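Chemist: Dropping the sequence and predicted coords here.
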Amino acid sequence: MKTEGEDKIAPQGANIDHLELVDYLDTKGQWPASLVSENKPNIEQILNGPGDAAPAGGKGKAPAKGAPAEAVTLEEGDMQVGDQPENNYYVGDAVEQIINLNYEARGRQLRPKNPHYLNLKLCFVGYAFAGKKLQAMKLKQEYGLDSYTLNDLVEQALEFFRKNPAPIVKAEAIEELPIKESLHEDSKEESRLLADGEGRGVGAEGEAKEGEAAEGAPAESFEQKSVVLRENPMFRRSGPVAADADDDAVSEASEIEEELNPEEDFRVCGEQIQKCLFDGAEIPDQLYVDLYVAKLRMAYAYKDRETLGDAVNTAAERELELEKALGKLKEELREMRDPESKVKRKKKRTPEVVEKEAEETSRELERIKTLEPNGWILIDFPTNFSQAMLLEKALSGYVMPGDLEPTQREIENKEAQLLVKPTEKP
């Protein structure tokens with residue numbers, strides 16, 4: 001009969017604990033590196049038996065007659081035993097490849113949907129009375145930048161929460177017009193044909209022909225209607241072909257999929273700040289960051305890559321058109337002022353009119369080429385490294401590699417490298 005203590009005793013031959021295995025592989029704890037160096041076996045004595053071992057280098061005396069076997073002699077390098085076992089890189093590479101095939105790699109860091117298109121993004125930090133607000137005011141007057149201080153943002157958030165105590169629900173846009181046009185397109189066409197037929201007065205023969213045409217009409221009209229419904233983007237998104245190339249082009253692969261409601265975010269920040277003040281607690285740094293990001297999203301509209309790309313292409317095309325038009329106007333003005341020119345002039349095209357058009361075209365061209373100054377200045381924040389990392393993560397989504405949670409692939413590779421290491425990657 002087993003006692004209570006015997007049940008807790010591990011059976012003989014049980015696997016050693018994981019931590020003990022790590023100590024053994026790293027030569028720590030009760031497995032120091034000197035344990036091997038101080039107790040190295042005599043390989044030559046093992047091979048030749050407990051008798052006299054032959055000296056290294058092959059200079060020992062010949063064995064006596066009638067000896068059962070010739071003693072094995074080894075070079076000095078062959079008898080050296082390393083303190084740690086040699087690593088097999090082929091096995092390490094194979095194990096690493098197996099792990100990589102079974103576990104996904106870390107995905108790319110996605111960025112939030114913030115106004116990344118702004119030209120200037122500045123943070124002014126320093127000692128008190130160093131002139132941060134004064135310099136921010138000068139930059140605001142010169143370049144039109146918006147400046148923010150945390151004290152002002154906190155007061156604005158509290159006032160916004162008092163005016164909007166209930167949650168702010170963002171209204172969803174419903175695309176009704178394309179659906180109505182697609183559904184009623186055939187009925188509009190039929191109404192127009194019926195009106196034309198009544199105006200002309202269709203006879204008996206016309207009614208017969210119309211009846212013959214009506215027999216073949218249903219299949220054709222049904223086919224046309226189905227094509228129209230498939231071409232409608234609303235039906236394409238809700239149908240079985242939702243995951244197509246157009247949807248992939250609309251969605252930004254490098255951005256976090258999130259519904260933007262900056263007014264509600266700003267209201268929630270005000271509510272949380274008020275709760276902290278009522279409880280006598282300190283406002284956390286993350287709440288400051290959320291407050292600023294919500295204010296930034298309220299001040300600047302979000303634009304995806306497609307919108308920004310279309311704006312750039314439109315401006316480039318317009319710039320090219322204006323340059324060509326300006327060149328033609330200058331050439332026309334030169335010919336008007338040339339007395340030897342034989343080009344026929346229009347009565348209303350005087351040099352003054354052409355010169356005025358050239359000036360207007362030049363001003364528009366200069367406006368397109370001029371970079372619009374926009375951006376923000378954050379005063380007295382961040383004041384330490386932790387705040388800076390929180391702000392960077394909220395604005396761009398970047399997190400330092402050392403602060404990332406390890407993936408399952410990294411965990412498995414780290415544990416496997418305790419036993420065998422792969423080839424070092426460049």
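Modeler: Cool, the structure landed.

Chemist: State the distance from the residue nearest to L418 when sequence neighbours are not counted to G92.
Modeler: Of all residues not flanking L418 in the chain, L25 sits nearest, at 4.8 Å (CB to CB, 6 or more residues apart in numbering). All C-beta spots, glycine's among them, are computed from the backbone N, C-alpha and C. From L25 across to G92, the span is 13 Å (CB to CB, to the nearest Å).

Chemist: Could you do S37 as well?
Modeler: 25 Å.

Chemist: between the two, which one's more packed in?
Modeler: G92 (19 against 11; other CB atoms under 10 Å).

Chemist: The more buried one touches N413, doesn't it?
Modeler: No - G92 is beyond contact range of N413, at 10.0 Å (criterion: CB atoms under 8 Å).

Chemist: any low-confidence regions in the protein?
Modeler: Applying pLDDT under 70 to the chain flags residues 1-16, 36, 41-74, 76-84, 172-253, 345-347.

Chemist: redo that, cut-off 50
Modeler: Low-confidence segments of the chain, defined by pLDDT under 50, span residues 1-6, 8-10, 12-14, 53-54, 56-60, 174-189, 191, 194, 198-252.

Chemist: Show me which positions of the longest helix that it contains end up buried.
Modeler: Using DSSP state H, we find that the single longest helix of the chain is helix 305-337. Within helix 305-337, the residues scored as buried using 16 or more other CB atoms under 10 Å are 322, 326, 329, 332-333, 336.

Chemist: That helix: what's the following helix or strand?
Modeler: helix 351-369 (DSSP states H and E).

Chemist: If you count neighbours, what's buried in that following helix?
Modeler: Here helix 351-369 shows 354-355, 357-358, 361, 365 as buried, counting by 16+ other CB under 10 Å.

Chemist: Each with direction, which strands does the next helix or strand after that helix pair with?
Modeler: Moving toward the C-terminus from helix 351-369, the next helix or strand (DSSP H and E) is strand 375-379. Here strand 375-379 has these sheet partners by DSSP bridges: strand 120-124 (parallel), strand 146-149 (parallel).

Chemist: Mind splitting the protein into its structural domains?
Modeler: 16-58+71-86, 87-106+404-426, 111-168+265-300+374-399, 177-250, 301-371 (automatic domain parsing).

Chemist: And the ones you listed: which comes nearest E257?
Modeler: domain 111-168+265-300+374-399 (8.9 Å; CB to CB).

Chemist: For the closest one, measure first residue to last.
Modeler: 10 Å (CA to CA, to the nearest Å).

Chemist: and if you look at stretch 395-402?
Modeler: One end of stretch 395-402 sits 19 Å from the other (CA to CA).

Chemist: Quickly compare the domains of the chain and say which is most buried.
Modeler: Most buried of those by mean neighbour count (mean count of other CB atoms under 10 Å) is domain 111-168+265-300+374-399; its value is a mean of 16.

Chemist: so how many other residues sit close to M400?
Modeler: Neighbour count of M400, defined by other CB under 10 Å: 9.

Chemist: hang on, it packs against M389?
Modeler: Yes - if you go by CB under 8 Å, M400 and M389 touch, sitting 7.0 Å apart.

Chemist: what does the host helix or strand of A394 rub up against?
Modeler: If you go by DSSP H and E, A394 is part of helix 385-396. Helix 385-396 is contacted by residues 111-112, 114, 116, 121, 285-286, 288-290, 292-293, 381-382, 398-400, 403 when judged by CB atoms under 8 Å, 6 or more residues apart in numbering.

Chemist: Stretch 107-121 too?
Modeler: With CB under 8 Å, 6+ apart as the criterion, stretch 107-121 contacts 143, 145, 254-256, 258, 260, 293, 296-297, 300-303, 308, 371-377, 394-399.

Chemist: Against N119, how distant is E355?
Modeler: E355 is 34 Å from N119, by CB to CB.

Chemist: Redo the strands paired with strand 375-379 as TSV? Include distance to E264.
Modeler: Shown next, in TSV, are these (distance: least, CB to CB, whole Å):
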stretch	distance to E264
strand 120-124	24
strand 146-149	20
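
Chemist: nearest to L158, of these?
Modeler: Of all those, strand 146-149 sits nearest to L158, with 14.5 Å by CB to CB.

Chemist: which other helices and strands contact the following helix or strand past that closest one?
Modeler: Using DSSP H and E, the helix or strand that follows strand 146-149 in sequence is helix 150-163. Here helix 150-163 touches helix 262-279, helix 285-299, going by 3 or more CB pairs under 8 Å, 6 or more residues apart in numbering; DSSP states H and E.
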